[in-house]
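Student: Please work out how this folds:
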Amino acid sequence: MMRRPAFRSGGFRGGMGGGGIRFGHGSPMSRWVLRLMIANFVIFLAMAMRLVPVAAIDWLGFSVPGFLTRPWTLVTYMFVHGGFMHLFMNMLALFFFGPPLERKWGSRFFLRFYLVTGLGGALFSVLLYSLTGPTLMVGASGAIFGLLVAFALNWPDAKIYLYFVFPVPAKWFVAALGAFTLLSTVQGSADGVAHWAHLGGLVTGFVYLRYGERIGRLARRAFYKERPVSPRGKARRPAPPPPSPRRRRRADGDALDEVDRILDKIRASGMDSLSARERAFLDEVSRQYQQTQETGKKTRTH
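Tutor: The predicted structure is shown next:
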């Protein structure tokens with residue numbers, strides 16, 4: 001299919017089970033996992049059946065030299081694969097590990113995490129360009145490896161069946177996978193697999209989950225600095241414009257989606273499973289609802 005060798009991120013070889021987490025035991029197929037699988041298979045079939053030119057892989061795959069002229073490849077490379085087994089192994093891992101994560105996080109956060117970790121795989125190609133050289137990279141494994149580290153952080157003791165036979169706790173499986181990926185990246189890519197993309201997905205996923213909120217706060221402080229203080233000692237800030245009805249409806253819808261996700265989590269794991277941020281969010285929603293009720297009563301009595 002390819003005019004020149006393309007480095008691919010190799011597929012995951014394993015299954016998952018135990019602890020009521022595996023597919024078919026509490027984690028049915030989720031919305032964005034299904035959509036991502038369909039998109040990957042449709043693109044593969046279109047290229048295999050020559051419905052699109054063979055040269056399209058050069059326009060969809062990611063390479064550092066071609067990035068400036070083809071910036072869309074940061075995303076499109078995740079949906080192009082170098083062969084059926086490469087596609088099948090990646091989609092098999094998405095099939096097993098994606099649904100429990102999407103159910104726990106919600107569809108919006110799941111999709112954002114999937115794309116961010118895929119971008120992390122491409123970013124490592126830029127950072128390690130002196131080691132990797134001008135290679136063409138295709139495959140979803142950067143995002144898939146991000147899902148693996150996310151699963152291990154959420155269910156560290158769940159069993160992953162290596163080659164569908166040997167049960168290994170998720171935390172040890174991902175730790176060994178990370179060590180192997182790091183070693184393979186340092187030694188080079190003679191096997192045609194972009195191990196640095198796997199490493200990028202693992203590292204990006206871990207950093208995003210552990211330090212994402214802290215990094216976001218630091219970024220906001222850096223880009224949105226306080227205005228100079230006026231002589232009276234108070235900063236002059238223009239009053240923000242009232243939100244438009246569309247933005248208000250969108251914000252209300254996002255809040256309801258978050259409430260539904262938290263309630264589902266309570267039903268599944270109890271109140272003790274909530275984080276401090278989720279508890280604070282529920283308290284704030286409850287307070288706003290009570291204020292709305294009180295305002296409505298006052299309006300009716302007048």
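Student: Please count neighbours and contacts with C-alpha atoms only from this point.
Tutor: Fine.
Student: Now do the helices for the stretch 101-250 of the chain: every range, in order, please.
Tutor: Secondary structure of the stretch 101-250 of the chain by DSSP state H, counting those that start in this stretch: the helices cover 107-127, 129-132, 141-154, 170-187, 195-223, 245-269.
Student: relative to helix 107-127, how tilted is the fifth one?
Tutor: Which is helix 195-223. Interaxial angle, helix 195-223 versus helix 107-127 (axes from the mean of the first three to the mean of the last three C-alpha atoms, to 10 degrees): 110 degrees.
Student: Number of residues surrounding the closest residue to residue 200 other than its chain neighbours?
Tutor: Leaving aside its chain neighbours, residue 200 sits nearest to residue 121 (4.2 Å; criterion: C-alpha to C-alpha, 6 or more residues apart in numbering). Burial of residue 121 is recorded as 33 neighbouring residues (other C-alpha atoms under 10 Å).
Student: Can I get whichever strand or helix holds residue 42 in PDB? Just the C-alpha atoms.
Tutor: Taking DSSP states H and E as the definition, one finds residue 42 inside helix 31-48. C-alpha atoms of helix 31-48 as PDB (Å, rounded to 0.1, in the frame of the first residue of the first chain):
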ATOM      1  CA  ARG A  31     -20.400   5.800  22.000                       C
ATOM      2  CA  TRP A  32     -17.000   7.200  21.100                       C
ATOM      3  CA  VAL A  33     -15.200   3.800  21.200                       C
ATOM      4  CA  LEU A  34     -17.600   2.600  18.600                       C
ATOM      5  CA  ARG A  35     -17.200   5.700  16.500                       C
ATOM      6  CA  LEU A  36     -13.400   5.600  16.600                       C
ATOM      7  CA  MET A  37     -13.400   1.900  15.600                       C
ATOM      8  CA  ILE A  38     -15.700   2.600  12.700                       C
ATOM      9  CA  ALA A  39     -13.600   5.500  11.500                       C
ATOM     10  CA  ASN A  40     -10.400   3.500  11.600                       C
ATOM     11  CA  PHE A  41     -11.900   0.500   9.700                       C
ATOM     12  CA  VAL A  42     -13.600   2.700   7.100                       C
ATOM     13  CA  ILE A  43     -10.300   4.500   6.300                       C
ATOM     14  CA  PHE A  44      -8.400   1.200   6.200                       C
ATOM     15  CA  LEU A  45     -11.000  -0.300   3.800                       C
ATOM     16  CA  ALA A  46     -11.000   2.800   1.600                       C
ATOM     17  CA  MET A  47      -7.200   2.600   1.200                       C
ATOM     18  CA  ALA A  48      -7.200  -1.200   0.800                       C
END
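Student: quick one on the thing from earlier: give me whichever of the helices of the stretch 101-250 of the chain is most buried.
Tutor: The highest mean neighbour count among these, using mean count of other C-alpha atoms under 10 Å, belongs to helix 141-154: a mean of 26.
Student: Could you list every helix and strand that that helix packs against?
Tutor: If you count contacts as 3 or more C-alpha pairs under 8 Å, 6 or more residues apart in numbering; DSSP states H and E, helix 141-154 packs onto helix 84-105, helix 107-127, helix 170-187, helix 195-223.
Student: want to throw those into JSON lines with distance to residue 28 and mean pLDDT?
Tutor: As requested, the helices and strands packed on helix 141-154 are arranged in JSON lines below (distance: least, C-alpha to C-alpha, whole Å; pLDDT from 0 to 100):
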{"stretch": "helix 84-105", "distance to residue 28": "6", "mean pLDDT": "93"}
{"stretch": "helix 107-127", "distance to residue 28": "14", "mean pLDDT": "92"}
{"stretch": "helix 170-187", "distance to residue 28": "20", "mean pLDDT": "87"}
{"stretch": "helix 195-223", "distance to residue 28": "23", "mean pLDDT": "86"}
